[in-house]
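Chemist: I'd like to go over a predicted model; first the sequence, then the structure.
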Amino acid sequence: MDSSATKQLGNEVIEALRKGNPAEAFEKVKKYLSDVENTPLNVAITGESGSGKSTFINAIRGLGDEEPESAQTDVVETTMEPTPYPHPKNKSVTYWDLPGIGTPNFKASEYLDKVQFQRYDFFIIIASERFKENHSMLAEEIQKMNKKFYFVRSKIDRDLRESQERRAKTFSEKELLEKIRQDCVNSLKKDIKDITDDSVFLVSSFKPALFDFSRLLKTFEEELPSHKRYVYLRALPNISSEAIQMKLQALMSIVPLVALQAIAASIVPGLSDVNEMLSLTYRISQYVESFGLDEKSLSDLVERSGRNDVKSLMKSPFVKYEITYDLVARELEKRRGNVYMGIKTFFSWVPVLSATVSGPMSASACIDLLYSVLNEIADDAKVAFEAAFGCSEKNNNVLNV
């Protein structure tokens with residue numbers, strides 16, 4: 001999030017409270033939080049027909065190829081219109097499957113106009129074999145329009161498998177991956193002079209635990225503008241321990257705002273303690289769903305992995321039990337009087353609010369609850385997928401939700 005905007009919000013909230021106008025203060029928080037969580041992010045996925053665009057879109061949305069909201073795979077591409085695929089749990093994020101670029105009369109500038117290039121925040125250009133002139137031409141046009149683009153070489157697992165079958169005695173995964181990467185870079189260098197080895201990402205949408213999928217997601221996070229970063233991170237699939245940690249940090253960054261919105265009921269006339277607690281209950285339910293630990297997601301995980309004991313390994317009460325008003329109230333009571341010490345850089349004004357706001361729920365206790373719950377749920381997410389797929393932080397395997 002933008003720290004200057006957050007600081008300005010804090011000053012406005014404090015000023016409104018000092019003037020005895022809590023309703024105005026919390027309307028400001030509500031609007032700011034809504035803007036942060038609903039900022040649209042549109043990602044364009046393009047490449048030749050058959051390059052694996054649809055499977056990649058499913059993988060980055062945390063879906064398999066056979067789920068109701070999945071992009072269709074193994075079909076002949078006939079449409080010339082971009083197809084939107086919203087994230088299943090975060091509708092602010094949309095991945096667009098663009099028409100194939102492999103036609104003989106392809107013209108990059110005309111193509112971008114047709115697919116409404118201004119709509120997209122960045123482009124992912126996918127190839128399943130060599131990058132060709134069409135890919136370079138498209139990248140050049142995107143660059144002229146000051147948009148970001150990323151080259152993804154897909155189906156790496158297929159290439160390795162086929163090479164190993166043909167050359168069992170001399171096969172070297174490391175050498176083959178380096179050869180593929182260099183071949184991609186050399187093909188692109190003919191037209192794009194500043195291309196480097198790091199500019200090409202080798203991925204398998206079926207085995208995102210391996211190769212460059214995690215590095216690709218990390219690069220998006222580093223290069224997105226700050227006001228888009230939060231919605232992107234919240235929509236990350238649980239593809240690695242690092243991805244889970246990135247999502248955790250994003251959710252933690254707005255905890256003080258979430259807490260402030262929740263305690264509005266205790267200081268704004270006309271609202272009730274019940275609404276206050278329901279607000280927290282709803283938010284914690286969102287956290288559990290975001291980390292793929294709700295009942296449906298856990299059931300899908302058990303089905304895919306064959307491990308029936310996953311839920312028994314969970315420690316957070318919000319994962320083990322139904323999230324109810326009473327459960328939230330009990331957990332909140334444990335934290336009354338605690339002093340929240342986190343995220344001081346962006347939210348140094350929270351202690352002032354804690355002193356300003358009086359009511360049945362202290363800001364510090366509410367923040368401590370949400371902060372603790374997030375950490376507990378993120379830890380459970382790592383445990384769940386390590387147990388289900390034998391993944392761990394040591395081997396950096398992907399934990400695909």
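Modeler: Nice, thanks for sending it over.
Chemist: alpha carbons only for contacts and neighbour counts from here, please
Modeler: Noted.
Chemist: what lies in contact with stretch 130-141?
Modeler: By CA atoms under 8 Å, 6 or more residues apart in numbering, the residues outside stretch 130-141 that reach it are 47, 101-102, 106, 108-109, 125, 149, 183-184, 187-188, 191-192.
Chemist: buried residues in it?
Modeler: Arg130, Phe131, Asn134, His135, Ser136, Met137, Leu138, Ala139, Glu140, Glu141 (16 or more other CA atoms under 10 Å).
Chemist: turn the residues you listed into a markdown table, columns for secondary structure.
Modeler: What follows is these, written out as a markdown table (DSSP: H, G, I helix; E, B strand; the rest coil):
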| residue | secondary structure |
| --- | --- |
| Arg130 | coil |
| Phe131 | coil |
| Asn134 | helix |
| His135 | helix |
| Ser136 | helix |
| Met137 | helix |
| Leu138 | helix |
| Ala139 | helix |
| Glu140 | helix |
| Glu141 | helix |
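Chemist: now Leu251. Nearest residue, chain neighbours left out?
Modeler: With CA to CA, 6 or more residues apart in numbering as the criterion, Leu251 has its nearest non-adjacent residue at 6.9 Å, and that residue is Arg234.
Chemist: and the one you found, how many neighbours does it have?
Modeler: A count of neighbours around Arg234, defined by other CA atoms under 10 Å, yields 23.
Chemist: what's the answer for the one 4 residues further on, then?
Modeler: Each residue near Asn238 was counted by other CA under 10 Å, and the total is 25.
Chemist: and what of the one 5 residues further on?
Modeler: Other residues lying near Ala243 total 20 when counted by other CA under 10 Å.
Chemist: quick one, phi psi at it?
Modeler: Note on Ala243: backbone dihedrals following degrees, to the nearest 10 are phi -60, psi -40.
Chemist: do I have it right that it meets Ala235?
Modeler: No: Ala243 lies out of contact with Ala235 (CA atoms under 8 Å); the separation is 10.2 Å.
Chemist: low-confidence ranges, the stretch 301-401 of the chain, go.
Modeler: Scanning the stretch 301-401 of the chain for pLDDT under 70 picks out 335-363, 389-401.
Chemist: my bad, the stretch 1-150 of the chain
Modeler: Applying pLDDT under 70 to the stretch 1-150 of the chain picks out residues 1-3, 74-79.
Chemist: ranges for the strands of it?
Modeler: Shown for the stretch 1-150 of the chain, the strands assigned by DSSP state E, counting those that start in this stretch span residues 41-47, 83-86, 93-97, 122-127, 148-153.
Chemist: distance to Arg283 added to the ones you listed, as JSON lines?
Modeler: As requested, these are exported to JSON lines (distance: least, CA to CA, whole Å):
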{"stretch": "strand 41-47", "distance to Arg283": "22"}
{"stretch": "strand 83-86", "distance to Arg283": "21"}
{"stretch": "strand 93-97", "distance to Arg283": "19"}
{"stretch": "strand 122-127", "distance to Arg283": "30"}
{"stretch": "strand 148-153", "distance to Arg283": "33"}
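Chemist: just flag the most distant two among the contacts of stretch 130-141.
Modeler: Spatially, the most separated pair among the contacts of stretch 130-141 is Ser109 and Asp183, at 25.9 Å (CA to CA).
Chemist: how close does the residue lying farthest from the centre of the chain sit to Asp159?
Modeler: In the chain, the residue that sits farthest from the middle, by CA atoms, centre = their mean, is Lys169; the gap is 40.7 Å. Using CA to CA, to the nearest Å, Lys169 is found at 16 Å from Asp159.
Chemist: try Asn105
Modeler: Distance from Asn105 to Asp159, counting by CA to CA: 29 Å.
Chemist: can you map out the helices along the stretch 51-200 of the chain?
Modeler: Here the stretch 51-200 of the chain has its helices, by DSSP state H, counting those that start in this stretch, at 53-60, 108-114, 133-144, 156-166, 173-189.
Chemist: same check, this time on the stretch 251-400 of the chain
Modeler: Going by DSSP H, counting those that start in this stretch, the stretch 251-400 of the chain shows helices at 255-262, 264-267, 273-290, 295-305, 317-320, 325-333, 350-356, 363-389.
Chemist: right, and those helices - which one's nearest His87?
Modeler: Among the helices of the stretch 251-400 of the chain, helix 273-290 comes nearest to His87, with 11.4 Å by CA to CA.
Chemist: packing partners of the closest one?
Modeler: Judged by 3 or more CA pairs under 8 Å, 6 or more residues apart in numbering; DSSP states H and E, helix 273-290 is in contact with helix 255-262, helix 264-267, helix 317-320, helix 325-333, helix 363-389.
Chemist: avg pLDDT for that helix?
Modeler: Mean pLDDT, helix 273-290: 80.
Chemist: next: stretch 207-214.
Modeler: Stretch 207-214 comes out with an average pLDDT of 86.
Chemist: domain ranges for this protein?
Modeler: By the assignment in automatic domain parsing, the chain contains the domains 3-37+245-389, 41-235.
Chemist: quick one: the shortest one to chain centroid distance?
Modeler: Spelled out, that is domain 3-37+245-389. Distance, stretch centre to chain centre, for domain 3-37+245-389: 18 Å (CA atoms, centre = their mean, to the nearest Å).
Chemist: can you name the residues in contact with stretch 175-194?
Modeler: 130-133, 136-137, 140, 153, 160, 195-197, 200, 202.
Chemist: in it, which residues are buried?
Modeler: Across stretch 175-194, burial judged by 16+ other CA under 10 Å covers Leu176, Leu177, Ile180, Arg181, Cys184, Val185, Asn186, Ser187, Leu188.
Chemist: and the residues you listed as TSV, adding pLDDT and distance to Glu333?
Modeler: Compiled in TSV, the buried residues of stretch 175-194 are given as follows (pLDDT from 0 to 100; distance: CA to CA, whole Å):
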residue	pLDDT	distance to Glu333
Leu176	93	58
Leu177	94	54
Ile180	95	57
Arg181	94	55
Cys184	94	58
Val185	93	58
Asn186	91	62
Ser187	90	62
Leu188	92	60
